[in-house]
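K.L.:
the amino acid sequence is not available; the structure is as follows:
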C-alpha cells in the first residue's frame, strides 16, 4: 500500500510555514511577550474559570501547568511561537484544552503528582514535536529549509499540534504514565501521528479519526 505523495507547497502554505518558523526562533521576552501572555491569561478565564486581574508572575500559572510562577521562564525555550500557540489553544480549542487540563489534574491528584503532566509545560514540547512531524522543524529543532516537498502542507500546524496534545494526554491516562515518562509517552504519540501522516490524510478531521482522538 502506497503512502501519501509529497508535493511543493502553495504560496499560502509556504507563507504560513515561514511565519511559524519565524515565531519559533523569536524569543519570548519583553513587552510583546507580556502582551501575548496577557491574552493567554484572559482566554484562560473561559477555560478554567479563574478570575482576577492579570499577573505576569503568579501562582495561577502553576495551576495551568507551568513549572513556576513566571511562565516566560518555561516558554522562552519554545520561542514566541509556542506562546502564541497556547493562546490559540485557550481561544480556539477550549474543549480540547479543558479536557486535557481536567484529565491530567485528576491523574496527578490521584498519584501525589507522580503521574500525568503539567499541561502547559508539556504543550511546549508537543508543539515542537508536531512541527517536526510536519517537516517545518528539523528533528534537532531548527527551521527546516523551505520549501521542502511533503504530503502535509495542507494541514494547519496549530490544529495538528492540538491533536497531538490530546493524543499524548489520552496515552498518559491509559498508561497512568508518570511525569518522568513524559518524553517516552510523547514519542509514542508522535510515532502514531507520523504513521498516519505518512499514509496520507485529507484533513485534520480525518487525522483525528484515524488516531482515535475525539477532538471537537
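P.N.:
Okay, I see it. Not measured: the values here are computed from a predicted model.
K.L.:
surely residue 126 and residue 168 touch.
P.N.:
Yes. Residue 126 is within contact range of residue 168, at 5.9 Å (criterion: CB atoms under 8 Å). C-beta here means a position set from N, CA and C on the backbone, and glycine is covered the same way.
K.L.:
and for these two, which residues touch both?
P.N.:
residue 186 (CB atoms under 8 Å, 6 or more residues apart in numbering).
K.L.:
do you know how far residue 142 is from residue 20?
P.N.:
13 Å (CB to CB, to the nearest Å).
K.L.:
between the two, who's got more neighbours?
P.N.:
The neighbour comparison of residue 142 against residue 20 (other CB atoms under 10 Å) goes to residue 20, with 21 against 11.
K.L.:
in the chain, which spans are helices?
P.N.:
11-25, 30-48, 60-63, 71-75, 79-92, 94-109, 119-133, 157-175, 182-199, 204-211 (DSSP state H).
K.L.:
can you redo the ones you listed as a markdown table with mean pLDDT and distance to residue 150?
P.N.:
Formatted as a markdown table, those follow (pLDDT from 0 to 100; distance: least, CB to CB, whole Å):
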| stretch | mean pLDDT | distance to residue 150 |
| --- | --- | --- |
| helix 11-25 | 94 | 9 |
| helix 30-48 | 93 | 28 |
| helix 60-63 | 91 | 35 |
| helix 71-75 | 91 | 27 |
| helix 79-92 | 95 | 19 |
| helix 94-109 | 92 | 25 |
| helix 119-133 | 95 | 10 |
| helix 157-175 | 96 | 12 |
| helix 182-199 | 97 | 9 |
| helix 204-211 | 96 | 15 |
